[in-house]
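Participant: model this:
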Amino acid sequence: MGRYFVDLSYGMEKLTGTTQKHVLGTRGVLPDGRVFRYAFLSSAAAVLAGKLIQSRVIVTGHGKDLAVKTAAAVGAESVTITMATTATLVDEYAGGYIQGNDQTGAIGNLYRIKEVGPVAGNAHLAGGATADIVYNLAEPLVKALTTTSQVGLVHNLYKDVIVQPTSVTGITLGVTPADIALSAYFLMQTWGPASVLLNGTPTIQKQVIWGATTAGSLDIKVETDIAPQVGIVMGGSTLVSTEYGLVFLTIAP
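Facilitator: Here you go, the predicted model:
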């Protein structure tokens, strides 16, 4: 574990398992150019192939306005943050980010949290709803943080992913290339030809967006839609709404 890029052979993209083999977010590419990202499914049930996946929901109270407990100088590689509202699990934010959202030293900066930190092998330890937690960084601070700085926490995008609901609560990440069991690691497709559940009238070259009526599906984009494109229909007039069709995904190359 530790590489961020892997060459895939045909069929490897359909393999899943309960043991983590790569860093979450690792990019995999098949010989034909299809691109995948290594992810972990956290869902109430198994997910079928061809379903649209999004990032997990932001934890209540963790997304912004968290106080920096102790001032941290330029070059520091850890930050102590006073949490709010919700308890934090060990390494819950490993491989995620600290985002400066307000006040001196924090505004506009984004720092990667370590995958594995020096404290007992963790990126950070667990804590209660108002605990002070030390987050170990993968990079040094470029601006000093003060006790008035305010930050938010962002999970690794590919940790605890879920089927994209009809009212989106996260960022669209990719499509399942195979049936995925509950609590499994898998390769999620982000680029290239994919078989995906479609709604609307899927004709060739039509743009598709996240589905507003069926969770995990794609809708044909119409002129009034403002949602971003996630792919382009590759098939022709034989395609039928609510069936699976061929789409060229354009989420992440």
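
Participant: give me the number of residues near residue 242?
Facilitator: 11 (other C-beta atoms under 10 Å). Yep, even glycine has a C-beta here, placed from its N, CA and C like the rest.

Participant: Buried residues, stretch 16-31. List them.
Facilitator: Residues of stretch 16-31 classed as buried by neighbour count (16 or more other C-beta atoms under 10 Å): 22-30.

Participant: For residue 9, state which of these is nearest.
Facilitator: residue 30 (7.7 Å; C-beta to C-beta).

Participant: wait, the closest one sits on residue 8?
Facilitator: Yes: under the criterion of C-beta atoms under 8 Å, residue 30 makes contact with residue 8 at 4.9 Å.

Participant: what's the overlap in contacts for the two?
Facilitator: residue 36 (C-beta atoms under 8 Å, 6 or more residues apart in numbering).

Participant: my read: residue 218 touches residue 206, true?
Facilitator: No: with contacts counted by C-beta under 8 Å, residue 218 stays clear of residue 206, the gap being 10.3 Å.

Participant: In terms of neighbours, single out the busier of the two.
Facilitator: residue 218 (30 against 20).

Participant: quick one: contacts for the more buried one?
Facilitator: 52, 196-199, 208-211, 230-231, 247.

Participant: which residues are in contact with stretch 244-253?
Facilitator: 35, 37, 50, 172-175, 189-198, 202, 208, 218, 229-235, 239.

Participant: ok, now with 6 Å
Facilitator: 35, 50, 174, 190-191, 193-198, 202, 208, 230-235, 239 (C-beta atoms under 6 Å, 6 or more residues apart in numbering).

Participant: Now do the same for stretch 220-228: mean pLDDT, whole number.
Facilitator: In this model, stretch 220-228 has a mean pLDDT of 81.

Participant: what sits up against it?
Facilitator: Counting by C-beta under 6 Å, 6+ apart, 200, 202, 206-207, 209-210 sit against stretch 220-228.

Participant: distance between the ends of that stretch?
Facilitator: Start and end residues of stretch 220-228 are separated by 12 Å (C-alpha to C-alpha, to the nearest Å).

Participant: Likewise for stretch 24-33?
Facilitator: End residues of stretch 24-33 are separated by 20 Å (C-alpha to C-alpha).

Participant: With stretch 51-62 instead?
Facilitator: Where stretch 51-62 begins and where it ends lie 28 Å apart, using C-alpha to C-alpha.

Participant: what does that stretch contact?
Facilitator: 84-86, 153, 155, 157, 160-161, 163-164, 169-176, 188, 216.

Participant: redo that, cut-off 7 Å
Facilitator: 42, 84-86, 152-153, 155, 157, 159-164, 168-176, 188, 197, 210-211, 216-218 (C-beta atoms under 7 Å, 6 or more residues apart in numbering).

Participant: Out of those residues, which end up buried?
Facilitator: 152-153, 155, 157, 159-164, 170, 172-176, 188, 197, 210-211, 216-218.

Participant: which residue is nearest the middle of this structure?
Facilitator: Taking C-alpha atoms, centre = their mean as the criterion, residue 157 is the residue nearest the geometric centre of the chain, at 2.2 Å.

Participant: Residue 184 is in contact with residue 17, correct?
Facilitator: Yes: Residue 17 is within contact range of residue 184, at 6.5 Å (criterion: C-beta atoms under 7 Å).

Participant: any idea how far residue 127 is from residue 42?
Facilitator: 20 Å (C-beta to C-beta, to the nearest Å).
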